[in-house]
Each structure stands twice: as structure tokens, then as C-alpha cells.
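Visitor: predicted model and sequence follow; I will ask about them next.
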Amino acid sequence: MPRRFLVTGGAGYVGSHLVAALCDRGDTAVVLDNLSIGHRQAVPDGVELIEADLADAAAIDAVLKNGPWDAVFHFAALSQVGESMREPLRYLMQNAGNGMRLIDACVRHRVGRFVLSSTAALFSVTGDGLIPEDAPIDPNSAYGDSKWMIERTLRWASEVQGMRHACLRYFNAAGADPKGRLGEDHRPETHLMPLAIDAALGRRPPLTVFGNDYPTPDGTCVRDYIHVSDLAEAHLLAVDAMEDGDIRWNLGNGAGYSVMEILQAVERVSGLPVPHTISDRRAGDAASLVASAAPALRAGWQPKFADIDTIVRTAFLWRQAHPHGYGN
Ligand code: UDP
């Protein structure tokens, strides 16, 4: 039986890949996005796009009233660690404030299930072990803290109001739709993989590596890159797994790659050198973030694009085919 879902931020990078997965499955997705970061062109034909801001409580109420909703997926947020260290209050007010208002509206309109796009930036682990869900929460950045505030709000909405939730902590979302329909297009782009690919293609200046004096094997930061379509699949699974209770899943491949190893992967896939320079550390970065995704794997999650060269290849093909991203 087809189901109907509201996807805030469904025109953004991870959100649009979820919308595609819902459509592929025959479900109905309604996208709510203010298009400040997302792209109209990332919303498939035939999918309703409601252009509204989460700060507009009356607009959000009107949308939620028009249910029933099988679940609300909440992606709409500012998502840059570095920016959040320059504008912490904007991140807290916008991400946490809008998230809390949305949760309140969902409770009032009796939405039964809520899936949060959360982050590995909740953790500030310095060792090289895998990070389980119950690792100490200690965000290094205002971005991470803003997501933690929403996670805590969801706990209250569940305990007191009975709204089930899934907090999905992505490690580093990367890659692009293997069918070539969607890709990564942030403006400005700040993420390592698209910047490294563009540097290789000669479309941007040499990549700046932020610090090579971290306590990691080659001194550059280690991250766990997870394919964006594998993330989308985890969301589909979470909605059903929530039947048995609230969910907190760390989502990654359990394999860490340093910044330099990502540059090498881009070189292997593209056959081009990645020009780069080394600079100081970027504020807010943790040395190493690698997931233990044991609970999601136990629930049946099976990442299909775990190989790092496969992840890079999907990203490379999309950027090669879309020199201007989604255009304009
Ligand atoms: N990074 C870098 N140069 C860049 C962008 C990113 O060295 O131009 C590093 C960054 O410091 C981090 C890793 O690449 O260690 C991944 O950063 P990204 O912004 O892609 O994701 P984040 O880990 O912040 O979510």
C-alpha cells in the first residue's frame, strides 16, 4: 500500500536522494523546502514542492494539517561545521529552533513517526576506535550541538506525547545517485569530495587540506564516507523499524579514510592529479570520526556502495556531467 511522507529539505542533497528512493518504491513524497540551499531541479517531476520556511509556523501548521502523514523526514537545516563556528547563534536558533517548532507541530497534528537527519558531529572522539551510538555526546561545533538539541527534544516528544522517532547520525554523506539523476551541489561548496573532484577537473583552485598535524596516521582528519543512496535506504528501513521503539543509529561504513586518502581515491577514479596545499586546521573539526553502525546493520541495513572508489566514481560522474551542478 503506497504511503505518504513529508520531507523537509527534500530539495537538498540527502533529502532529494530519499525522495527519489520513496518515488522508486511507489510512495508519495511531499517536499517542504525554502530553496535557500536546496534546488528546485532536484525535486522530481510529479512530486509536490511546497516552498515554505520552517520559521513560518502558520505555513507549517497548514501543511501538517493536510495529513495523514505516515512519517515526517526532517532534513532542512544549515549543515556546515566551519560556518557554525563563525555564526553559532544562527545555527542554534535556525536549526534547533525550527526543529523544535516542527516537532511541536507534528505532535499537535498527531504525526506518529519522525525521522531526523542527525550527525556524527555529536561526537568529539579523538581515538581511532569505531563510534557506537552510546559514545559520549560532546559536540565540537555549534552545528553538532544544534542537532543534539533536536535529538533531546524528540526524546521528550516520545516520552510525554508518544511520537516515535529515529535519529539517524550520518557520518560523511558522499557520492551521487547511481542512476545519475541527482548529485551534490552546495553553494558555496565546502565538502571535501566535490571540492577535490573540481580541483582535479581544473574547475576550482587547488584544494586546501585543513591541517596535517592531527593524531592520525598521516596527520590529516579521518572520516567515514557513506554513500548518499545507502543513507536513503536506512531512512526507509528506519520508518518500519520504529514500530518496535525509538531509534538511534550511527550510519557509516565503519572504515575511515584520511583527507589525503580521499585525494588519492579521486586521482585513481579520475586519472587526474588533485592539486592541493596544506593549511591550518579548520575550527570545529574532530580528528577521527568512524561509525559503528551495528544496530542499523542488525535491523537489516546493507550498504550497497561501501567501496570508496565506487562512492567517488558516482560523485565524479555527476560532477563531470553537470559542470554547473543544478544550473543557474
Ligand atoms: N576538508 C579539507 N579541505 C576542504 C574541505 C574539507 O581538508 O576544502 C577536510 C575537513 O577538515 C574534514 C574532511 O575534509 O576533515 C571532511 O570535511 P567535510 O567538510 O567534507 O565534512 P565534515 O566532516 O565537516 O562533515
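Guide: Perfect, I can see it now.

Visitor: ok, for Ala121, nearest residue in space, not its chain neighbours?
Guide: Spatially, and ignoring its direct neighbours in sequence, Ala121 is nearest to Gly144 (3.3 Å; C-beta to C-beta, 6 or more residues apart in numbering). C-betas here are computed from N, CA, C, even on glycine.

Visitor: next to the ligand, which bits of the stretch 51-200 of the chain? Give me the list.
Guide: Val81, Asn172, Thr190, His191, Leu192, Leu195 (C-beta under 6 Å from any ligand atom).

Visitor: Leu182 touches Leu18, doesn't it?
Guide: No - applying C-beta atoms under 8 Å, one finds Leu182 not in contact with Leu18, separated by 10.3 Å.

Visitor: more crowded one of the two?
Guide: Leu18 (28 against 25; other C-beta atoms under 10 Å).

Visitor: related to what we said a few turns ago, the residues of the stretch 51-200 of the chain next to the ligand in helices, which ones?
Guide: The helices, defined by DSSP state H, take in Val81, Leu192, Leu195 from these.

Visitor: about what we covered before: what strand or helix carries the residue nearest to Ala121?
Guide: helix 142-161 (DSSP states H and E).

Visitor: which residues of the stretch 151-300 of the chain fall in strands?
Guide: Along the stretch 151-300 of the chain, counting by DSSP state E, counting those that start in this stretch, strands occupy 164-170, 172-174, 207-210, 222-223, 225-227, 247-251, 257-258, 276-279, 288-289.

Visitor: burial of the closest residue to the ligand within the chain, as a residue count?
Guide: Relative to the ligand, the nearest point of the chain is Cys221 (3.0 Å; C-beta to the nearest ligand atom). Residues within reach of Cys221, counting by other C-beta under 10 Å, total 25.

Visitor: with Gly245 instead?
Guide: 10.

Visitor: give me the beta-bridge partners of the closest residue to it other than its chain neighbours?
Guide: Of all residues not flanking Gly245 in the chain, Arg164 sits nearest, at 7.4 Å (C-beta to C-beta, 6+ apart). Beta-bridge partners of Arg164, counted by DSSP bridges, are Arg113.

Visitor: thought Arg164 was touching Val115?
Guide: No - contact criterion C-beta under 8 Å: Arg164 and Val115 do not qualify, at 9.5 Å.

Visitor: who has more neighbours out of these two?
Guide: Neighbour count, other C-beta under 10 Å: between Arg164 and Val115, Val115 has more, with 26 against 20.

Visitor: from Pro2, how far out is that one?
Guide: 18 Å (C-beta to C-beta, to the nearest Å).

Visitor: got phi/psi on His39?
Guide: Dihedral angles of His39 (phi, psi; degrees, to the nearest 10) stand at phi -130, psi 130.

Visitor: same check, this time on the one 4 residues further on
Guide: With angles defined as degrees, to the nearest 10, Val43 sits at phi -90, psi 120.

Visitor: for it, give its distance to Gly256.
Guide: Applying C-beta to C-beta to Val43 and Gly256 gives a distance of 34 Å.

Visitor: same check, this time on Asp240
Guide: Look at Asp240 and Gly256: by C-beta to C-beta, they are 30 Å apart.

Visitor: Gly46 too?
Guide: Gly46 is 40 Å from Gly256, where distance means C-beta to C-beta.

Visitor: for Asp145, same thing?
Guide: Asp145 is 23 Å from Gly256, by C-beta to C-beta.

Visitor: now do the same contact list for Ala174.
Guide: Glu184, His191, Met193, Tyr225, Ile226, His227, Val228, Ile311, Val312, Ala315 (C-beta atoms under 8 Å, 6 or more residues apart in numbering).

Visitor: just the pLDDT for it.
Guide: Listed pLDDT for Ala174 reads 98.

Visitor: grab the nearest non-local neighbour of it.
Guide: Using C-beta to C-beta, 6+ apart, the closest residue to Ala174 is Tyr225 (4.4 Å).

Visitor: how about residues contacting the host helix or strand of Ala21?
Guide: In the assignment (DSSP H and E), Ala21 maps to helix 13-24. For helix 13-24, contacts defined as C-beta under 8 Å, 6+ apart pick out 5, 7-10, 28-29, 31, 33, 38-39, 42-44, 46-47, 73, 75-76, 117, 170, 173, 177, 181-182, 184-186, 228-229, 231-233, 235-236.

Visitor: great, nothing more from me.
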